[in-house]
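Novice: any chance you can model this:
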Amino acid sequence: MPKLELLIVVLAVATVLWTCAHAQARAADAKPGAGVRIEPIPPAPPNQDQYIGFKLMVPWIEGYVRVRFPENIYSPMGTHFLDNLAPGIERVSDVKVPAWKVDETTGALSYAVETKEGIHFSGKAWVEGDVVHLEYRNRNTSGQPQDLGSQICYDLSTAPNLGEKVTLDYTYAWFDGAYQSLNETTSPVRDEKFAKNGYNWVIMLYKEDPETSLFAAQDQYPWWVVDQRADYPIIARETPDKKHLFALTWDHTVRRLMTNTNIPCLHTDTLHVENLPDGGEKVWKGRVYLMENDPERLLERWKADLTPKP
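Specialist: Residues are numbered from 1 along each chain as shown. Next up, the predicted model:
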């Protein structure tokens, strides 16, 4: 397995083991009729998880979705940022939660971080109707080319009506030509893994991307890769009453869909760039849809919204 892929796996496992033990925070319900709202997560007291992220709120979501933006960033030099206190992960950078800027006219949130090693990362989020737009950037001024990777985690542990653990019933994607629950996926190791772990941790590869070494690596970790491949780079979570859905995607960069039901969380990861030259920058654009539960309408909107491929 390539070193960067292995580091992704190690960080994901460490993060999950820690986060599952520290995912009890809850927020007050969003005010009725307030529409979609976002607000920065403030720095936590010392010796607690430190999130560079924002709360995503809408009236039909109890509490809020915690968007960890990013959960981590890493390079061959090591881990530059990890938002939780998972033991055994050495940070090569001393990153503090930055002050977010709020555009008073548009309501857009933004931040920027530069490490002493010359690894920059920044994020911007803004609301347009029932969509939250995301822009995430990596820039390299380390003096040499770098492989950089990040994970953006959509943490549902703070949203009780989206956050039922263990089950895959409410998590959906398009595969085998249909929109269906990830509970319909198969894997030779699924039953064995579930019996051992007591929860589902599923990775689904996107059909337009090449095969990876994750199938071999799954023997070492709690997650498993399903037999099916996603038709579209979209993963969705429905409310138990089936009235609404929460869906996310990134333009042209999705390699896999993932859900870990022990948190639970959703991912369309990873965001990575190989051999980014000194002075180079990589930009990712994504969206979160918060809408009535109409999968066909979601797909139509995604196709219409898709940014032209660079």
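
Novice: span of stretch 87-100 from start to end?
Specialist: 27 Å (C-alpha to C-alpha, to the nearest Å).

Novice: which residues of the stretch 51-200 of the chain fall in strands?
Specialist: Under the criterion DSSP state E, counting those that start in this stretch, the stretch 51-200 of the chain contains strands at 53-57, 65-75, 78-82, 101-102, 109-114, 119-128, 131-140, 146-155, 171-175, 178-181.

Novice: of those strands, which stretch is the most buried?
Specialist: strand 65-75 (a mean of 26; mean count of other C-beta atoms under 10 Å). In this view, the C-beta of every residue, glycine as well, is placed from N, C-alpha and C.

Novice: give me the sheet partners of that one and which way each runs.
Specialist: If you go by DSSP bridges, strand 65-75 pairs up with strand 53-57 (antiparallel), strand 78-82 (antiparallel), strand 146-155 (antiparallel).

Novice: circling back: for His272, find the nearest of the strands of the stretch 51-200 of the chain.
Specialist: Between His272 and those, the shortest gap by C-beta to C-beta is with strand 146-155, which sits at 3.8 Å.

Novice: any idea of the angle the closest one forms with strand 131-140?
Specialist: 150 degrees (axes from the mean of the first three to the mean of the last three C-alpha atoms, to 10 degrees).

Novice: what about the nearest residue to Leu182 once chain neighbours are set aside, neighbour count?
Specialist: Distances taken as C-beta to C-beta, 6 or more residues apart in numbering put Leu168 closest to Leu182, at 4.3 Å, once the chain neighbours are dropped. When counting by other C-beta atoms under 10 Å, one arrives at 18 neighbours for Leu168.

Novice: so Leu168 touches Thr259, yeah?
Specialist: Yes - Leu168 sits in contact with Thr259 when judged by C-beta atoms under 8 Å, with a separation of 7.1 Å.

Novice: okay if I get the strands of the stretch 51-200 of the chain as CSV plus distance to Asp269 and mean pLDDT?
Specialist: Listed next are the strands of the stretch 51-200 of the chain as CSV, based on distance: least, C-beta to C-beta, whole Å; pLDDT from 0 to 100:
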stretch, distance to Asp269, mean pLDDT
strand 53-57, 15, 98
strand 65-75, 9, 97
strand 78-82, 15, 97
strand 101-102, 26, 97
strand 109-114, 19, 98
strand 119-128, 15, 98
strand 131-140, 11, 98
strand 146-155, 5, 97
strand 171-175, 14, 98
strand 178-181, 20, 98
